[in-house]
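**Student:** I'd like to go over a predicted model; first the sequence, then the structure.
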Amino acid sequence: MPKTMFFILKRDYEWRYEWFYRQGLTTGKAYVLLIEEKIGVTSAFVGRSQDHKITTQQHTIMPLPKLIAPSLLNSDFAKLADTAAQMKEFIESLRKHTDIFIDCHLMVTDPARWVKDFAKAGANSLTFHLEAVEDPAKLIDLIHEHGMKAAIGIKPKTSVESVVPFLDKVDMILTVEPGFGGQSFMTDMMPKVEFIRQKKPDLNIQVDGGVDTKNIHIASKAGATTFVVGSAIFKHPGKYEAIVNELRENASKL
Ligand SMILES: O=C(CO)[C@@H](O)[C@H](O)COP(=O)(O)O
């Protein structure tokens, strides 16, 4: 029996076509019907023709949420931990008080050395720098084996193409020069975000460095979904919640 050809037109970040085939159905010309965006939910109607009769199915595609990730690097807490070992202890003590998702950005030369310790300490995700490891795929597997998500950070001068082989296995972070907070937001890094978003419409892409209420929409429009924010939050003691809410609101304004 010939095949039926389907395709889905999804408008989450960019219009994109997914072609897939099903065995055993009549070959027909596929139609894409209206995409509806209602209350942040995109519905794709997949049309197909079979024996010259068009039927449709509605698929609901939830766009990725926009997440604010406060970075403790530039906060009073950070004074407690200026080495990976101290950071591990800090995570252990933090974990006793909260079940919040903790993403540890390991700006260290031998991240593999810390995987087991940070998993035991209660980290949910480890971000390592592509520039710091010989075999990123092996480290990603090690992080996954310890029950954590894996993310790759790349420095401004590192080409975005260098992470393409790993995009199926990680979240992604694009960052300023690693190691310290308070740097300026790098608008010229946004084409990297757009490049990855085009390749991976459903990948969580983090932007880190100088993000604040005035520029977060730039990163969001480029396709970022998680925003690492340090100074813009922690330089306003007592106003954290209001700032995080404003960040989240501005990230959603596209
Ligand atoms: O993690 C890094 C650099 O490695 C910093 O970019 C911060 O964590 C974010 O700091 P701010 O720029 O928001 O102060």
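**Tutor:** Noted; the coordinates are in hand. The structure displayed is predicted, hence computed values, not measured ones. Residues are numbered from 1 along each chain as shown.
**Student:** in the stretch 51-200 of the chain, which spans are helices?
**Tutor:** For the stretch 51-200 of the chain, the helices defined by DSSP state H, counting those that start in this stretch cover 84-95, 115-121, 136-145, 190-199.
**Student:** So for the ligand, which of those helices sits nearest?
**Tutor:** Proximity to the ligand, assessed across those by CB to the nearest ligand atom, is greatest for helix 84-95 (12.1 Å). C-beta: built from backbone N, CA, C; applies to glycine.
**Student:** what sits against the closest residue to the ligand within the stretch 1-150 of the chain?
**Tutor:** Taking CB to the nearest ligand atom, the ligand has its nearest neighbour within the stretch 1-150 of the chain at residue 71, 3.1 Å off. By CB atoms under 8 Å, 6 or more residues apart in numbering, the residues touching residue 71 are 105, 181, 208, 228-230.
**Student:** Tell me the residues of the stretch 151-254 of the chain that contact the ligand?
**Tutor:** Within the stretch 151-254 of the chain, the positions near the ligand by CB under 6 Å from any ligand atom are 175-176, 178-179, 181-183, 208-211, 228-232.
**Student:** Please, a PyMOL command that selects the buried ones among those residues?
**Tutor:** Typed into PyMOL, the line below selects the buried ones among those, using 16 or more other CB atoms under 10 Å:
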select buried, resi 175+176+178+181+183+208+209+210+211+228+229+230+231+232
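**Student:** check contacts around the most centrally placed residue in the chain.
**Tutor:** Note on the chain: the residue nearest the mean C-alpha position is residue 204, at 2.0 Å, using CA atoms, centre = their mean. By CB under 8 Å, 6+ apart, the contact list for residue 204 reads 64, 67, 171-172, 225-226.
**Student:** Can you name the two of those that sit furthest apart?
**Tutor:** The most widely separated members of these, counting by CB to CB, are 67 and 172 (13.3 Å).
**Student:** who has more neighbours, the two?
**Tutor:** residue 172 (26 against 16; other CB atoms under 10 Å).
**Student:** ok, now how distant is the residue nearest to the more buried one when sequence neighbours are not counted from residue 196?
**Tutor:** The shortest distance from residue 172 to any non-neighbouring residue, by CB to CB, 6 or more residues apart in numbering, is to residue 205 (4.8 Å). Distance from residue 205 to residue 196, counting by CB to CB, to the nearest Å: 6 Å.
**Student:** and for those two, which residues touch both?
**Tutor:** 172, 223.
**Student:** any chance you could map the strands in the stretch 1-150 of the chain?
**Tutor:** Along the stretch 1-150 of the chain, the stretches classed as strands by DSSP state E, counting those that start in this stretch are 4-11, 15-22, 32-38, 41-50, 53-61, 67-70, 103-106, 125-129, 149-154.
**Student:** Check the average confidence over the fifth one, would you?
**Tutor:** It stands for strand 53-61. The average pLDDT within strand 53-61 is 55.
**Student:** before we move on, back to that, if I pick the residue nearest to residue 172, what's in contact with it?
**Tutor:** Residue 205 makes contact with 171-174, 193, 196-197, 223-226, according to CB under 8 Å, 6+ apart.
**Student:** of all the residues you listed, which comes closest to residue 128?
**Tutor:** Lowest distance from residue 128 to these (CB to CB) belongs to residue 173, with 9.7 Å.
**Student:** list the contacts for that closest one?
**Tutor:** Taking CB under 8 Å, 6+ apart, we find residue 173 in contact with 105, 127, 151-154, 205-208, 226, 228.
**Student:** Then residue 143?
**Tutor:** Shown in contact with residue 143 (CB under 8 Å, 6+ apart): 115, 126, 128, 149-150.
**Student:** coming back round to it: the contacts of residue 71: which two are farthest apart?
**Tutor:** 105 and 229 (12.8 Å).
**Student:** can you pull the buried residues of stretch 191-208?
**Tutor:** Across stretch 191-208, burial judged by 16+ other CB under 10 Å covers 192-197, 200-201, 203-208.
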